[in-house]
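fold the stuff below for me.
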Amino acid sequence: MAITVKTFIVSNDKLTIDVDLEVGAGQLFTGVTLWTEATYKSPTTGVDLSSLLAGATNTETFTITAADVGVSTFEGIYIAEITSDDPLAVIVATAPLAKYYAVMATLLANVDLSCLSCNTNFQNALLLDLYVEAMRQALILGRFQDAITYLQRINLYTSTSCDSCDNIDPVVSSAGSIVSVGVIDCILTS
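This is a model prediction of the structure:
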């Protein structure tokens, strides 16, 4: 039976990655190696987290802390290779996206509806959304190198075009309406 990854996700506070794994009956997990987008697949830079494995059953549930990896918080893409005693391996990835959604929400909150074609906040929000969605889909499809490329573009874009996006106050457009961002049915989804 192949390795099943039930959970591999960064927590909301970005301090842990929760992991829940299963492999065929009678098999055990033998290794977990974690990379960032900057160190992906470099044999010398992967962090060996095999010590987090209990090694007692065919299921494993554990938490990777930021301290385990030597970072203050989990930012960017984290990619893990998980191996078992059968010659099976799986590679999975996770990335916290809330920061980018907050920047998009701020940009959208400041769109001037009177002139969409000349509004940089609108254009920046569209471009950022395009890259974030492309990165998210690349991660889902297992195209990790593509996801890393998109993240590099997102980081370049947000650091050069949007230095103060976290501190932009909503504006009243010249069309006389306030643009706001809300939650649908009181549920935020990722």
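
quick one: the residue most central in space within the chain from Ile9, how far?
In the chain, the residue lying closest to the centroid (C-alpha atoms, centre = their mean) is Ala95, at 1.5 Å. Distance, Ala95 to Ile9, using C-beta to C-beta, to the nearest Å: 10 Å. C-beta: built from backbone N, CA, C; applies to glycine.

my guess is the residue nearest to the centre of the chain contacts Tyr150. True?
No. Ala95 lies out of contact with Tyr150 (C-beta atoms under 8 Å); the separation is 10.1 Å.

now do the shared contacts for the two.
Met135 (C-beta atoms under 8 Å, 6 or more residues apart in numbering).

list the contacts of the closest residue to the residue nearest to the centre of the chain other than its chain neighbours.
Nearest-residue entry for Ala95: Ile77, 4.5 Å, with adjacent residues in sequence omitted and distances by C-beta to C-beta, 6 or more residues apart in numbering. Contact analysis of Ile77 by C-beta under 8 Å, 6+ apart lists Thr36, Glu37, Tyr40, Ala93, Thr94, Ala95, Met135, Leu139, Phe144, Ala147, Ile148, Leu151.

closest one of those to Leu52?
Set against Leu52, the nearest of the contacts of Ile77 by C-beta to C-beta is Thr94 (15.5 Å).

surely that closest one is in contact with Tyr78?
Yes. Using C-beta under 8 Å, Thr94 is in contact with Tyr78, at 5.5 Å.

what's the overlap in contacts for the two?
With C-beta under 8 Å, 6+ apart as the test, Thr94 and Tyr78 both reach Val10, Ile17.

the more surrounded of these two?
Tyr78 (24 against 18; other C-beta atoms under 10 Å).

give me the beta-bridge partners of that one?
Thr36, Thr94 (DSSP bridges).

kindly report the same for the one 5 residues further on.
As for beta bridges, Thr83 partners with Gly31, Ala89 under DSSP bridges.

so what's it up against?
Here Thr83 is in contact with Phe29, Thr30, Gly31, Val32, Ala89 (C-beta under 8 Å, 6+ apart).

returning to that earlier point: what would the contacts of Ile77 look like in a markdown table with distance to Ala109?
Shown next, in a markdown table, are the contacts of Ile77 (distance: C-beta to C-beta, whole Å):
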| residue | distance to Ala109 |
| --- | --- |
| Thr36 | 31 |
| Glu37 | 29 |
| Tyr40 | 34 |
| Ala93 | 30 |
| Thr94 | 28 |
| Ala95 | 24 |
| Met135 | 23 |
| Leu139 | 27 |
| Phe144 | 32 |
| Ala147 | 27 |
| Ile148 | 29 |
| Leu151 | 24 |
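
longest helix of the chain?
helix 120-141 (DSSP state H).
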